[in-house]
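**Q** Sharing a model prediction with you, sequence too.
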Amino acid sequence: MKKTELGAWGEDRAAALLEREGYRIRERNFRCRFGEIDLIAEKGNILAFVEVKLRKSSRHGEAREFVTASKQQKLRTTASFYLAGHAWAQARQPRFDVLEIYAPQGSEGPVSTEHLTDAFA
């Protein structure tokens with residue numbers, strides 16, 4: 001499986017997990033000139049901007065550690081752009097989540113996930 005296919009598979013897993021947790025997926029791979037947000041999910045009055053991180057293991061650090069300060073700033077700016085263009089979203093409380101997926105054997109084996117809510121401000 002190619003890296004892009006594995007990434008799409010991971011985002012599908014993340015979206016399914018969020019839906020099981022009661023979220024409604026509003027956008028997938030939202031892109032603008034400022035950056036990209038993997039998933040935008042709504043639950044109650046929360047609008048979660050979700051960064052999905054897929055890794056084989058945590059051997060070189062936990063997946064959340066790869067959401068650097070620079071990446072966080074890009075996500076904030078992209079989320080602000082999204083909110084400015086979607087009036088319905090402005091009534092929701094924005095939040096930044098990270099969803100870690102560990103798949104040691106890729107899409108062919110066991111998978112573990114961790115949904116970190118309010119991962120950064």
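**A** Here it is on my side, so go on.
**Q** residue ranges for the strands of the chain, please.
**A** 24-32, 35-43, 46-55, 93-102, 112-120 (DSSP state E).
**Q** partner strands of the fourth one, parallel or antiparallel?
**A** Based on DSSP bridges, the strands next to strand 93-102 in the sheet, each with its direction, are strand 46-55 (parallel), strand 112-120 (antiparallel).
**Q** on that earlier part again, export the strands of the chain to a markdown table and append columns for distance to E62 and mean pLDDT.
**A** To be clear about C-beta, it is placed using only N, CA and C from the backbone, and glycine gets the same treatment. Below are those laid out as a markdown table (distance: least, C-beta to C-beta, whole Å; pLDDT from 0 to 100):
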| stretch | distance to E62 | mean pLDDT |
| --- | --- | --- |
| strand 24-32 | 23 | 97 |
| strand 35-43 | 17 | 97 |
| strand 46-55 | 8 | 93 |
| strand 93-102 | 7 | 94 |
| strand 112-120 | 9 | 92 |
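**Q** of those, which approaches R64 most closely?
**A** R64 sits nearest to strand 93-102 of all the strands of the chain, at 4.9 Å, using C-beta to C-beta.
**Q** buried stuff in that closest one?
**A** P94, R95, F96, D97, V98, L99, E100, I101, Y102 (16 or more other C-beta atoms under 10 Å).
**Q** now swap in stretch 67-85 and tell me
**A** So for stretch 67-85, counting by 16+ other C-beta under 10 Å, buried means V67, Q72, K74, L75, R76, T78, A79, F81, Y82, L83.
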